[in-house]
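Asks: Structure for the following, please:
(one chain, ligands or ions: 2)
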Amino acid sequence: MMKVGILGATGAVGQKFIRLLQGHPWFEIEALGASERSAGKKYKDAANWIEDVVLPEHIKDTIVKNCEPGEFSNVDFVFSGLDSSVAGDIEKAFAEAGIPVISNAKNYRQDPTVPLLIPEINPDHTDLIKTQSFSKDGKGWIVTNPNCVAVPLSLALKPLFDSFGIEALILTTMQAVSGAGYPGVASLDILGNVVPFISGEEPKVGPETRKLLSTLNEDSLSLPDFDVQATATRVPSINGHMISATVKLENPPADLEELKKAYQNYRNPVAELGLPFSPKALYNLHDNEYYPQPRLHADWENGMQLHLGRLRKADVFDVSFVAMAHNTIRGAAGGAILNAELLTKKGYLK
Ligand SMILES: NC(=O)C1=CN([C@@H]2O[C@H](COP(=O)(O)OP(=O)(O)OC[C@H]3O[C@@H](n4cnc5c(N)ncnc54)[C@H](OP(=O)(O)O)[C@@H]3O)[C@@H](O)[C@H]2O)C=CC1
Ligand SMILES: N[C@@H](CC(=O)OP(=O)(O)O)C(=O)O
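Replies: Numbering: from 1, shown residues only. Ligands and ions are numbered 1, 2, ... in the order given. Okay, here's the model as predicted:
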C-alpha cells in the first residue's frame, strides 16, 4: 500500500478524495492538510462534511496539518485539492521537497513541463515528468488534471480528432453547482435560474483541450491549432457538467454511422492496465434523444464514464453532440486518482 496525503482535505474536492479513497486497493490516506484555520483541529471539527455518506471513522479524529512538506514526511505522494489562490506556492514547495503532487488546481496546467493528464487520451505525456526540475534528485514533480469542462470535452473530441481532424468548435457549458465548491453560488442566484457567466472559466477551455490533444515529440508538446469558442453557464444541477458542442472537422465523415464508429472503435490506451478507477466502458453513447441527463447518469460507472448524446450531423459546421461527466469525480478527484494509478503502473510512483 502507498501512503498518500491530501492537501485541501477539508474542501469539496478534498472530501471527494477522502470518500473515493476508502477501500482503494493501492492507496491509503496517511495525512490530511488544509489552511491554518483548520490545522490542529480534528477533521470532524475542521470540515463541514458534505458527502452523502458517513464520514469514515478513522478520518473523524485525524488531526489536520498545515500544508507544509515537513508535516508530510511519511507520505509517498500527495493529492492536491487546494484553492488555486494558494496551490501554486504550496504545490511547488512539496515538489521541491521531493514529494510528488497530483493536483486538481489550475496553477501548473499550462507549464510546458507539467503533464495535463487524462489517461485515456494522453498517457504518454507522463514522460514530461523527466523534464521537470522542481527537486534536484527528480523525486518531486507535479502532474495536473484538467478543468472539469476540459475533461468531458476532450474525451468527447478525442475520437473525432483522431479520425477526422478538428478545425474549430463552438460550445456552451451547463455546469453543476458543486463545481463552485462550498458554499459556492448563492441559492438566490441559482435556484430556478441560469447564470450565463462563470468567472475565469472560458479562457481555460481552448488551451487545456489543445494541450490534451497535443503530440509529445522528444521532450516537448506540439499543439493542434483549432479554434475554440466557449460560453460557460451555471445551472441548478448538483453534479455533472453538460456541454453542447458543434465541431468543424477537417475530413467530415460520410454519415452518422461512420461518426458513431469513431467512438465505438476508439482504442482506450489504458484499458488493459487494470487501473482500479478505469470505467469498464469509457464512452456511453446514448441513442435516447432525451439523454444524457446529469441527475440520471453522472454517477454511472462510479462517476468515471463519459456520456454522449444527441450525436448528429450538424447544419452549421459538421457534427453536434451533448457530452456530460461527473465534475467532482471524473472532472476532479476521481480523475486525479486514475492519474495516480497510471503513474504507479508506469513506475513514477512507488
Ligand atoms: N469543485 C470542482 O468541481 C473542481 C475543483 N477543482 C479545483 O480544486 C481545488 C479545490 O476546489 P474546491 O474543493 O471546490 O474548493 P474549496 O473552497 O471547497 O476547498 C479549498 C481547500 O483549500 C484549503 N485552503 C484554502 N486556503 C488555504 C491555505 N492558505 N493553505 C492551505 N490550504 C488552504 C481549504 O482549507 P480550509 O477549509 O482550512 O479553508 C480547503 O481545504 C480548486 O483549485 C479548484 O479550482 C478542479 C476541478 C473541479
Ligand atoms: N470552475 C469550475 C471548477 C473549477 O474549479 O475549475 P478549475 O479546476 O479549472 O479551477 C466550475 O465552476 O465548475
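Asks: ok now the helix ranked longest in the chain, how far from the chain's centre?
Replies: Counting residues, the longest helix found in the chain (DSSP state H) is helix 150-164. Its chain's C-alpha centre and that of helix 150-164 lie 15 Å apart, by CA atoms, centre = their mean, to the nearest Å.
Asks: Repeat that for stretch 219-234.
Replies: Centroid separation for stretch 219-234 versus its chain: 16 Å, with CA atoms, centre = their mean.
Asks: same thing with stretch 205-217?
Replies: Distance of stretch 205-217 from the chain centroid (CA atoms, centre = their mean) equals 14 Å.
Asks: wait, does that stretch contact ligand 2?
Replies: No - Stretch 205-217 lies out of reach of ligand 2 by CB under 6 Å from any ligand atom, never closer than 7.9 Å. Every C-beta, even on glycine, is put in place using the N, C-alpha and C of the backbone.
Asks: Does ligand 1 have contacts with that stretch?
Replies: No - for stretch 205-217 and ligand 1, the contact criterion (CB under 6 Å from any ligand atom) is not met; the two come no nearer than 11.2 Å.
Asks: average pLDDT across stretch 96-116?
Replies: The predicted model assigns stretch 96-116 a mean pLDDT of 98.
Asks: Over to stretch 9-16?
Replies: Mean predicted lDDT for stretch 9-16 stands at 96.
Asks: now the helices for the stretch 201-350 of the chain?
Replies: With DSSP state H, counting those that start in this stretch, the ranges of helices along the stretch 201-350 of the chain come out as 202-212, 256-264, 294-297, 300-303, 334-345.
Asks: Any buried residues in the longest helix of the chain, and which?
Replies: Neighbour counts over helix 150-164 (16 or more other CB atoms under 10 Å) mark 150-161, 163-164 as buried.
Asks: got the angle between that helix and helix 256-264?
Replies: Orientation of helix 150-164 against helix 256-264 (axes from the mean of the first three to the mean of the last three CA atoms, to 10 degrees) gives an angle of 120 degrees.
Asks: Which strands or helices does helix 150-164 pack on?
Replies: Helices and strands touching helix 150-164, by 3 or more CB pairs under 8 Å, 6 or more residues apart in numbering; DSSP states H and E, are strand 166-175, helix 202-212, strand 241-249, helix 256-264, strand 306-313, strand 319-325.
Asks: One more pass at 6 Å, please.
Replies: helix 202-212, strand 241-249, helix 256-264, strand 306-313, strand 319-325 (3 or more CB pairs under 6 Å, 6 or more residues apart in numbering; DSSP states H and E).
Asks: Among the ones you listed, single out whichever gets nearest to residue 180.
Replies: Taking CB to CB, strand 241-249 is the member of the helices and strands packed on helix 150-164 nearest to residue 180, at 11.4 Å.
Asks: How many residues are close by the residue nearest to residue 30 when sequence neighbours are not counted?
Replies: Excluding its sequence neighbours, the residue lying closest to residue 30 (CB to CB, 6 or more residues apart in numbering) is residue 3, at 3.8 Å. Residues contacting residue 3 under the criterion other CB atoms under 10 Å number 14.
Asks: heads up, I number from 14, so please use that
Replies: Understood, numbering begins at 14; the last thing we discussed is residue 16.
Asks: and residue 16, what does it touch?
Replies: Applying CB atoms under 6 Å, 6 or more residues apart in numbering to residue 16 gives the contacts 43, 87, 88, 89.
Asks: Need the residues that contact stretch 246-254.
Replies: With CB under 6 Å, 6+ apart, stretch 246-254 has contacts from 161-162, 187-189, 191, 198, 203, 207-209, 211, 307, 311, 337, 339-340.
Asks: So which of those residues would count as near ligand 1 as well?
Replies: Restricting these to those touching ligand 1 (CB under 6 Å from any ligand atom) yields 161, 191, 340.
Asks: Closest residue of the stretch 64-213 of the chain to ligand 2?
Replies: residue 192 (2.1 Å; CB to the nearest ligand atom).
Asks: list the contacts for the residue lying closest to that residue once chain neighbours are set aside?
Replies: Using CB to CB, 6+ apart and skipping the chain neighbours, the partner closest in space to residue 192 is residue 340 (5.0 Å). Contacts for residue 340 were tallied using CB under 6 Å, 6+ apart; they are 161, 189, 192, 254.
Asks: ok, and the most crowded of the contacts of residue 16?
Replies: Most neighbours among those, by other CB under 10 Å: residue 88, with 20 neighbours.
Asks: Residue 15 is in contact with that one, correct?
Replies: No - here residue 88 does not reach residue 15: they are 8.4 Å apart, not a contact under CB atoms under 6 Å.
Asks: what angle sits between the longest helix of the chain and strand 319-326?
Replies: 50 degrees.
Asks: Outside of helix 163-177 itself, list whatever touches it.
Replies: So helix 163-177 is contacted by 134, 218, 221-222, 225-226, 256, 262, 264, 275-276, 279, 319, 321, 336, 338, 343-344 (CB under 6 Å, 6+ apart).
Asks: quick one: residue 108 and residue 145 touch, right?
Replies: No - using CB under 6 Å, residue 108 is not in contact with residue 145; the gap is 7.5 Å.
Asks: Sweet, I'm off.
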